[in-house]
Each structure stands twice: as structure tokens, then as C-alpha cells.
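1. have a look; sequence and predicted model below, questions after that.
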Amino acid sequence: MSYRTTLDEVLTRAVAPCAELTGAEGRFPRGAVTALGATGLLGLTVATEFGGAGLGLPEAAEVVARTACVCPATATVLQAHYTAVAVIEAYGSPWVRGEIAAGRHLGSLALAEDGTGGYGEEAQVLTSRCTAVRSGGVVALRARKRQVVAAGEADSYLWSSRPLGARDGLSLWGVPAHAPDLFVPSRPDAVGPSGSATSTVLADPVLVPSDAMLGEDGGGLDIVLRTVLPWLLELRAAAGADGPRLAAADVVRRPADSLAPS
């Protein structure tokens, strides 16, 4: 069965029935997400060797676009998930990739922070105030991440911080949602479609193993520029998201210094 046929069935059976309550009452579309996982659509872009469909950004964009016509909140969750998975596919553990392929793991993004402005909303993920302090094999991350989709609902967050030892750039981490001392306020942020559980996530601090780093220390900025932003912008465009956006090609071409806050 093709992913398009599977998506048709899931949209009719699971996403559409949830959409009205999701929009009217702000309920997270857990039933829709579960169905997307059970039918392999959460693992659409995971390599086949780990049980995924092995597809890419064009197919993910099609899934997001068609889902957005039925339930904008579910489409927003998929945008964050597929973008996080693009990084996990390159740098994450085989176990996590297998869990995503099996439909048991929902990813999201925890990149934007208060006080990290810049040219457009997307530029706010190019710097970080989050501190990262290592003690032995454990790293303490301290930050207030905002506009996190599926906050309190995702299984892990793609998290950015200042480097541990590198002079500049970012470091990226896979932070488990069950990690102690992660806190999601009960009042969601006033952004994102109703039901997308877009909210602030607080770490004061959260402790993660040092091997939770995705990529090299300080190498996260390049990953954000070349993977995160192109995926996120393409998926947002597919969903018809409103608001000022940068073209993905412009983000990659433009030097990081010109996008960072002054």
C-alpha cells in the first residue's frame, strides 16, 4: 500500500473526526498522531533499514499539505516532527530511529528562545542563550524555550544550546521529554493552531547524557542552516502557513552573521 493510500485512510478515519474538537476546544490531536504512527506515516522519512519508508522532504511536504486541509493542528505537529527527524536521521541513535519508524516516538523542536531576535521568525533559532555545562558524562542544559509545538506531548525535543567548548556556533541535543526537571506551563503560548500544544518548555536545568549531543560541539548552526530551516520552511509553505517567511535557499546562502541578532 502506498503512503498516499495510507494517508487517505488515516485522514478519513482518524484525523477528520478529531479535527473539530481539536480546533474548537484546543485538544491535542492524540488520536490522529497515534494513527499516523501506527500506519507508518510518522516514520515516512526514516531509512528502510530501521523500518521506515525511506522517503524524503517532497513526500513529507505532501503529507503535511494534505493533512493541513483537514486539521491544521495535526499538520503543525507533523511539520515539527519531520524537521526533527531529518536531524535525527543524520545524527541520532539507531534505537530512536527505530522507535520513530515503529510509530512510537514523536519528535519536536525546542530551538527558539526569548531575547534571540533577528531577521524574521526563523532567524531566532540561529542563536541560543541556553547554557550547557558538562560534569563527567552528564550535561546540564538551562533555558526557556518558546513556541515549542507538541510541548508536553512529544517524546523528545531537538534542543539547541551554546557550545560546551567551541568558541562559537550552536550545539544540538536530543532531549527526552521524560527527563526530570523539564516543565511545561499549563497555559499555552498564544501562537500556532488551536490544539497544537504550542507552549514554552522550561529547563532549570535539565540533565542529559553527554552522548545526547547531535553532531559536533558547535556544529549545530550549520545543521540548522542546512537541514532544519530548509525542512521547516518547505513544510510550512506546504501547509500554507501565514506570516513573513524567508525562502529556504536564501537562508542557506545568507551568512549566519547576517541572520544573527545584532
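-> Structure's in. What do you need?

2. and stretch 45-63, what's buried?
-> Across stretch 45-63, burial judged by 16 or more other Cβ atoms under 10 Å covers 45-47, 50-55, 57, 59-63. Heads up, the C-betas are built off the backbone N, CA and C, glycines and all.

3. what ranges in this structure fall below the confidence cut-off?
-> 115-123, 186-190, 241-262 (pLDDT under 70).

4. one more time with 80, if that's ok
-> Scanning the chain for pLDDT under 80 picks out 1, 23-24, 114-124, 186-192, 241-262.

5. quick one, what contacts the nearest residue to F28 once chain neighbours are set aside?
-> Nearest residue to F28 in three dimensions, chain neighbours excluded: A197, at 4.6 Å (Cβ to Cβ, 6 or more residues apart in numbering). By Cβ atoms under 8 Å, 6 or more residues apart in numbering, A197 lies in contact with F28, V77, V149, A150, A151, G152, E153, P188.

6. likewise L36?
-> Residues in contact with L36 (Cβ under 8 Å, 6+ apart) are V10, A14, V15, L42, T74, L78, G103.

7. one more pass at 10 Å, please.
-> L36 makes contacts with 6-7, 10-11, 14-15, 29, 42-44, 63, 67, 74, 77-78, 81, 103, 106, as judged by Cβ atoms under 10 Å, 6 or more residues apart in numbering.

8. mind checking which of these are buried?
-> Among those, those buried by neighbour count (16+ other Cβ under 10 Å) are 6-7, 10-11, 14-15, 29, 42-44, 63, 67, 74, 77-78, 81, 103, 106.

9. of those residues, which belong to strands?
-> Per DSSP state E, strands hold no members of those.

10. which ones among these lie within helices?
-> T6, L7, V10, V63, T67, T74, V77, L78, H81 (DSSP state H).

11. quick check: the farthest pair among those?
-> T6 and V77 (17.4 Å; Cβ to Cβ).

12. top of the contacts of A197 by neighbour count?
-> V77 (33 neighbours; other Cβ atoms under 10 Å).

13. correct me if wrong: that residue contacts T83.
-> No. The criterion here is Cβ atoms under 10 Å, and V77 misses it with T83 at 11.1 Å.

14. quick check: neighbours shared by these two?
-> Joint contacts of V77 and T83 (Cβ under 10 Å, 6+ apart) are G107, S108, V149.

15. ok, and the closest non-adjacent residue to the second one?
-> Right, S108. Setting aside the residues directly before and after it, S108 is nearest to A154 in space (Cβ to Cβ, 6+ apart), at 3.8 Å.
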